[in-house]
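Visitor: dropping the sequence and predicted coords here.
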Amino acid sequence: MSDSTSPDPGADLRTPSPFGRRLRYWRGLRGLSQLDLAVAAGTTPRHVSFVETGRSRPGADLVLRLADVLAVPVRERNDLLTSAGCAPAYPTRHLDDPAMAAVRDVLARVLERHEPYPGWVIGRGLRFLAANRAAHTLFPGLTDLSPAQVVDLWFGEGPYRDRVENWRDVVRATLTTLRREAFLTGDRDVVALLGRAQDLAGSLGTSSGTGDGEGSHSTDGDLPVTCPVLLVGGRRVRTVSTVMRFDAAAEVTTSELDVELMFPADPDSDAALRELTAAPRSNGAAPVRASHAAPEVF
């Protein structure tokens, strides 16, 4: 397969090209040598070296193959393409765009049919975009908060901390999620949010997974995942959560959506959640709309 590269006679060999700088960044982030990247992408180390230094301009096919190997997210793949002088390959649409109707319908159906258990639609960087009625009942107002406000709520004093019995375990898990997202995306906003969360965690003694007393690991030993243990109406509610994603997304907004679904971990917890959300529900799937805190996403 041709790499569709062409020599750039005007390239300054002392300075990497804009694409070369980005490629070197992603290669370093993933810990791959030029040889490793070349073999996995079906090209040669010489080609990789030439496109990093700007001696050759990569075609879109090569850029996307390199991005595949480096697990570059969809949004950042567009950045790679444009830095190489190629057109973006992935559209960016708001969720209220007519072309996103199928995605909106899936999100609404999943959230509505997950009742009486909580469910949220979450965008990149802990941006809570939508929630079902059970989620609003359990933790009201999350979709009205900025990501920084969500971090402050989760890590600070207040109703969230009071409602979560294993609060320290949950904030450690939040840190793990943010670290993973920062590593996968390289997104400066996510890195800044991670720094904010780590500063708060350090001040509270929750930044490491070790310790004693209040800071020790306290998740129920019979649960294979760390999930909130809630205190609701004087009852202890054990939960297990899973996340749904659009793994084959070819559009930027869709690629960044997570649907977090919380389930009860035992019959008593099931009964407690059902009682909490026992008020009559409206028929049909709830519409997925923008909250006023995140108009740029929807």
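Guide: Nice, thanks for sending it over.
Visitor: what segments of this structure are helices?
Guide: Secondary structure of the chain (DSSP state H): helices at 18-30, 34-41, 45-53, 60-69, 74-83, 101-113, 133-138, 147-155, 159-163, 167-185, 188-204, 252-255, 267-276.
Visitor: list the buried residues for the longest one?
Guide: By neighbour count, with 16 or more other CB atoms under 10 Å as the criterion, the buried positions of helix 167-185 are 167-175, 177-178, 181-182, 184-185. Any C-beta I mention is one placed from the backbone N, CA and C, and that applies to glycine too.
Visitor: what's the angle from it to helix 147-155?
Guide: Taking axes from the mean of the first three to the mean of the last three CA atoms, to 10 degrees, one finds helix 167-185 and helix 147-155 inclined to each other by 150 degrees.
Visitor: other SSEs contacting helix 167-185?
Guide: Contacts defined by 3 or more CB pairs under 8 Å, 6 or more residues apart in numbering; DSSP states H and E place helix 167-185 against helix 147-155, helix 188-204.
Visitor: now the angle from the last one to helix 147-155?
Guide: To tie it back to what came earlier, the one meant is helix 188-204. With the same axes, to 10 degrees as the basis, helix 188-204 and helix 147-155 are set at 20 degrees to each other.
Visitor: so where's the protein uncertain?
Guide: The model of the chain has pLDDT under 70 over residues 1-15, 204-223, 279-298.
Visitor: contacts for the longest strand along it?
Guide: In the chain, assigned by DSSP state E, the strand with the most residues is strand 235-245. When contacts are defined by CB atoms under 8 Å, 6 or more residues apart in numbering, strand 235-245 is touched by residues 110, 165, 220, 223, 225, 227-231, 257-266, 268-269, 272-273.
Visitor: which of the residues you listed are buried, as a PyMOL select command?
Guide: Applied in PyMOL, the following selects the buried portion of the contacts of strand 235-245 according to 16+ other CB under 10 Å:
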select buried, resi 110+165+227+228+229+230+257+258+259+260+261+262+263+264+265+266+269+272+273
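Visitor: with just CA atoms, put stretch 177-193 into PDB.
Guide: The C-alpha trace of stretch 177-193 is given here as PDB (Å, rounded to 0.1, in the frame of the first residue of the first chain):
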ATOM      1  CA  THR A 177     -10.800   7.700  35.200                       C
ATOM      2  CA  LEU A 178      -9.400  11.200  34.700                       C
ATOM      3  CA  ARG A 179      -5.800  10.000  34.400                       C
ATOM      4  CA  ARG A 180      -6.900   7.400  31.800                       C
ATOM      5  CA  GLU A 181      -8.700  10.100  29.800                       C
ATOM      6  CA  ALA A 182      -5.800  12.500  30.000                       C
ATOM      7  CA  PHE A 183      -3.400   9.800  28.800                       C
ATOM      8  CA  LEU A 184      -5.700   8.700  25.900                       C
ATOM      9  CA  THR A 185      -6.600  12.200  24.700                       C
ATOM     10  CA  GLY A 186      -3.800  14.500  25.600                       C
ATOM     11  CA  ASP A 187      -6.600  17.100  26.000                       C
ATOM     12  CA  ARG A 188      -5.300  20.200  27.900                       C
ATOM     13  CA  ASP A 189      -8.700  20.800  29.500                       C
ATOM     14  CA  VAL A 190      -8.800  17.200  30.800                       C
ATOM     15  CA  VAL A 191      -5.200  17.500  32.100                       C
ATOM     16  CA  ALA A 192      -6.100  20.800  33.900                       C
ATOM     17  CA  LEU A 193      -9.200  19.100  35.400                       C
END
